[in-house]
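Participant: predicted coordinates and the sequence they were generated for:
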Amino acid sequence: MSTLSLRLPDSLHAELRKLAEQEGISINQLVASAAAEKLSALKTESYLKARAKAGNRKEFEAILARVPDVPAIADDQIE
């Protein structure tokens, strides 16, 4: 495990402290979790962009054209 020294504005530190208390975890755990969530979001975005580049619009439209044109079931309708 690594150590990271981080300078935060007092107001942000106070908010982190409050939130960590509410969650019943340490500030360290809260910041580590927030960093992991952000990293996951950024990696997901990169992954999806790479997948989109590998896609083929004509193949997608050909597959989509095979979907039957039927009304949506009641629970799936947009009102």
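Facilitator: Nice, thanks for sending it over. Numbering: from 1, shown residues only.
Participant: which ones are touching the residue nearest the centre of the chain?
Facilitator: In the chain, the residue lying closest to the centroid (Cα atoms, centre = their mean) is residue 41, at 4.0 Å. By Cβ atoms under 8 Å, 6 or more residues apart in numbering, the contact list for residue 41 is empty. For the C-beta atoms, the positions are set from N, CA and C on the backbone; glycine is no exception.
Participant: and it, what pLDDT?
Facilitator: With respect to pLDDT, residue 41 has a value of 95.
Participant: buried sites along stretch 37-44?
Facilitator: For stretch 37-44, the buried set under the neighbour-count rule, 16 or more other Cβ atoms under 10 Å, is empty.
Participant: again, but for stretch 15-25
Facilitator: So, applying 16+ other Cβ under 10 Å, buried residues of stretch 15-25: 16, 20.
Participant: picking that back up, the residue nearest to the centre of the chain: helix or strand, and which one exactly?
Facilitator: helix 27-54 (DSSP states H and E).
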